[in-house]
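> here you go, sequence then predicted model.
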Amino acid sequence: MDTLTDTANQIAAATAELKADNDKAECQECKYIREKYHGFGPSHDGSRGCESGSIASGGNNAHCTCDTCF
């Protein structure tokens, strides 16, 4: 094999490994949003300026859809 093919194979393997690790770490709602809406949707943590209790603002709500977070 040539160097370019070897490099492409290494990149493909590393990408597959990263995707597998991400799928393990991702919550089910994030995974659903990513698959159904191609990544567009409320973030898992929300915004620090959230007034509805997002994780980023110290609350417990993941995927907050208030105006500040979304």
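Yep, it's here. Numbers count the residues shown, from 1 in each chain.
> could I get the average pLDDT for stretch 5-16?
Across stretch 5-16, pLDDT averages out at 81.
> for the remainder of this discussion, apply numbering that starts at 874.
New numbering, starting at 874: the last item is stretch 878-889.
> now that stretch, how far from the centre of its chain.
22 Å (Cα atoms, centre = their mean, to the nearest Å).
> next, the buried residues of stretch 924-931.
Neighbour-count burial for stretch 924-931 flags 927, 928, 929, 930 (criterion: 16 or more other Cβ atoms under 10 Å). From N, CA and C alone the C-beta is placed, and that goes for glycine too.
> a markdown table for the residues you listed, including secondary structure, pLDDT and distance to residue 942?
Output for the buried residues of stretch 924-931, formatted as a markdown table (DSSP: H, G, I helix; E, B strand; the rest coil; pLDDT from 0 to 100; distance: Cβ to Cβ, whole Å):
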| residue | secondary structure | pLDDT | distance to residue 942 |
| --- | --- | --- | --- |
| 927 | strand | 93 | 5 |
| 928 | helix | 92 | 10 |
| 929 | helix | 92 | 8 |
| 930 | helix | 93 | 9 |
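> distance to residue 884 added to those residues, as a markdown table?
Listed next are the buried residues of stretch 924-931 as a markdown table, based on distance: Cβ to Cβ, whole Å:
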| residue | distance to residue 884 |
| --- | --- |
| 927 | 35 |
| 928 | 33 |
| 929 | 33 |
| 930 | 38 |
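> for the residues you listed, which one is nearest residue 901?
residue 928 (15.6 Å; Cβ to Cβ).
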